[in-house]
Each structure stands twice: as C-alpha cells, then as structure tokens.
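Engineer: Pasted the sequence and its predicted model underneath.
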Amino acid sequence: MRQQGLTLIEVLVAIAIFAVILAVVVPLLGFFRLNNQSTRTLNATTLAQNVVEEVRGFWQDPDHYNKTCYEPASPLPSQVSLQAYTLDSAGGSPSPLTVNYSCASATPDAAYISLKRMEVVVKDPSDATKVLARVTVDVPNPTPPPIN
C-alpha cells in the first residue's frame, strides 16, 4: 500500500521551479519600477516645457515682458513653480524678479531689460522636496533696446 505525501525529489523539483520563476520575476519588478519613475520624470518635463512655451509666447507682447507678468490659460498645478531673473550683458549673476499673475495690476520694469531667464520647476506631488524636472530658458526682450 502506498503512503500519501510528497517525496523528497518532488519537493526539491518544486523548489527548483519556484527558484527559476523568482529569478525571472525579480528583475522584471525592478524594470517596472524604473519604467514608472521614467514615466513620471517624462511627464514632469513635458509639463515644464509646456509652461515654458506658454510663458515665452505670452512674453512676445512687449507689455507683458516689461511687466514680467503671466496670466496662465488655466491655473498652474500646485507642484509647478515659475521664477524669473534679469540677466545683464556683462554676464553677472542673475537677479530674481517677481512674476506677476495679473498684468493689469503689474508695473513695468524701471529700466530696459534685454534678457530675462525663466525657470520652471516641477516637484513630486508626494514629496515636495524632490524635483522631478527643471527647465530653464532665456527670453530676449521683444522690443529693440533704446538708442542713447
């Protein structure tokens, strides 16, 4: 009469099959995690580039450029920040400017600024200390400099 249960060979074969399956699945899990992070970074970079292009187009109007104002078509997501800087022709360090989100209440710059730097930063919504994307672009003044 045969006893019920598994033989030692059957248990070892089952463990070997389980080990082979784990050897295949574990690297795939790391790949999916990496792919998810890459997708998040790509989406954040695309969002930053879209904001940069929208602001750059908005600043093609000399009045908007001179007031450093930007009225977004839709509110910026909370994880997106926009910073502007003045750049001088001597290559000195950039000076921060305040971006006004209402052009009606903004005042024009006191002096002619030939070049402004715009920086858009997209942070991780789940961890505000982690930057997913940073896009910086220099925008020239759409009006020619005054003749002295």
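Structural biologist: It's in.

Engineer: Neighbouring strands of the longest strand seen in the chain in the sheet, and parallel or not?
Structural biologist: Determined from DSSP state E, the single longest strand within the chain is strand 127-140. Sheet partners assigned to strand 127-140 using DSSP bridges are listed as strand 115-124 (antiparallel).

Engineer: Could you list the low-pLDDT ranges of the chain?
Structural biologist: Low-confidence segments of the chain, defined by pLDDT under 70: 1-3, 31-34, 89-92, 148.

Engineer: quick one: the helices in it?
Structural biologist: Using DSSP state H, the helices of the chain run over 8-58, 62-67.

Engineer: Show me what the first one is packed up against.
Structural biologist: Of the remaining helices and strands, those touching helix 8-58 by 3 or more C-beta pairs under 8 Å, 6 or more residues apart in numbering; DSSP states H and E are strand 80-87, strand 115-124, strand 127-140. Using the backbone N, CA and C atoms, a C-beta is placed for each residue, glycine as well.

Engineer: if you set the cut-off to 10 Å instead, what comes out?
Structural biologist: Based on contacts counted as 3 or more C-beta pairs under 10 Å, 6 or more residues apart in numbering; DSSP states H and E, the elements that helix 8-58 packs against are helix 62-67, strand 80-87, strand 115-124, strand 127-140.

Engineer: Please identify the deepest-packed of the helices of the chain.
Structural biologist: Of all the helices of the chain, helix 62-67 carries the top mean neighbour count, a mean of 17, counting by mean count of other C-beta atoms under 10 Å.

Engineer: Show me what it is packed against.
Structural biologist: Contact here means 3+ C-beta pairs under 10 Å, 6+ apart; on that basis helix 62-67 packs against helix 8-58.
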